[in-house]
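>>> okay, sequence plus prediction incoming.
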Amino acid sequence: MYLKEAFRYQNYLTNMINTSLRYIGDSTYNTKVTQEHLRKKANAEAEDETIDMTTERRIKCNAGDVVHFLEKLLDEKEKLTDAITKAKASCEIDIDAAVAGNKLRQRVAEQLSSVASIRPKEVIRHGSAYKFNADGNQMPYTYDIKEVTQIDFDRKEMKAIALRLAGEADKISSDLDRTMVSLVVEFDPAFGVNETFEDILESFL
């Protein structure tokens, strides 16, 4: 399988593991409930009765069965992860480092592009103060405040850096995309990614 398929299968196994844990923790699969109706003690003419109150299970198994299946899933994922690691080691580029670096490069490019879009502006605000009139009384008055915001960096330079980083990120993304569909991972999957949890559990049982 190719690396892209291996990652898809890895995600599939993770989902199956999480589903297993939900089954194991579900009282439907980890408990049985019975009720004993002790009528005879209160009424000599009546008969005692035991009723199974256990919730009907979608799959005929219990939590212990699912645990054994979970162990198989964990083993499958561990082997797959080892195979992916070996495949990555044979690759010309360090895939993990490239992915991490590209995320940072894209984040910086987006921030610089956002800052480069800032424009200078001028607004008129209003202030207030007091002054004495001819009678010597203190009187309030209002006045205009002209507020000027100027750009305190080289917009062209910042925009150019943002474009360069975005271009580099696009190129690396393309290289990674090609690697994802060309790098072979030596692994034979035990399950098909389109199989449901119930299908593969029933097959296992």
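Cool, the structure landed.
>>> okay, the most centrally placed residue in the chain: pLDDT?
Among the residues of the chain, the one closest to the centroid is N11, at 11.3 Å (CA atoms, centre = their mean). Predicted confidence (pLDDT) for N11: 97.
>>> mind checking the SS state of the nearest residue to T31 once chain neighbours are set aside?
The spatial neighbour of T31 that comes closest, neighbours along the chain excluded (CB to CB, 6 or more residues apart in numbering), is T54 at 7.6 Å. Where C-beta positions appear, they are placed from N, C-alpha and C, glycine not excepted. Look at T54: counting by DSSP: H, G, I helix; E, B strand; the rest coil, its state is coil.
>>> still on that earlier bit, helix/strand/coil for the residue nearest to the centre of the chain?
At N11 the chain is in helix, as set by three-state DSSP.
>>> can you pull the contacts of it?
Going by CB atoms under 8 Å, 6 or more residues apart in numbering, N11 touches no other residue.
>>> with C61 instead?
Applying CB under 8 Å, 6+ apart, the residues contacting C61 are Y29, L201, L205.
>>> in helices, which of those appear?
Y29, L201 (DSSP state H).
>>> are any of the contacts of C61 buried, and which?
The neighbour count (16 or more other CB atoms under 10 Å) marks Y29, L201 as buried among the contacts of C61.
>>> which one of the contacts of C61 sits closest to V185?
L201 (25.3 Å; CB to CB).
>>> show me the contacts for the closest residue to the closest one other than its chain neighbours.
In this structure, L201 finds its nearest non-sequential neighbour in F69, 5.5 Å apart by CB to CB, 6+ apart. By CB under 8 Å, 6+ apart, F69 lies in contact with S20, I200, L201, F204, L205.
>>> dump those into JSON lines; add distance to D175 and pLDDT as well.
Converted to JSON lines, the contacts of F69 look like this (distance: CB to CB, whole Å; pLDDT from 0 to 100):
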{"residue": "S20", "distance to D175": "37", "pLDDT": "95"}
{"residue": "I200", "distance to D175": "35", "pLDDT": "93"}
{"residue": "L201", "distance to D175": "40", "pLDDT": "92"}
{"residue": "F204", "distance to D175": "40", "pLDDT": "89"}
{"residue": "L205", "distance to D175": "44", "pLDDT": "86"}
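>>> read off the pLDDT value for the residue nearest to T31.
78.
>>> surely it touches V33?
Yes: between T54 and V33 there is a contact under CB atoms under 8 Å: 5.2 Å.
>>> strands of this protein, residue ranges please.
34-37, 49-52, 121-132, 138-149 (DSSP state E).
>>> from Y9, how far out is G192?
From G192 across to Y9, the span is 9 Å (CB to CB, to the nearest Å).
>>> more neighbours, these two?
Using other CB atoms under 10 Å as the criterion, G192 and Y9 rank with Y9 on top: 22 against 10.
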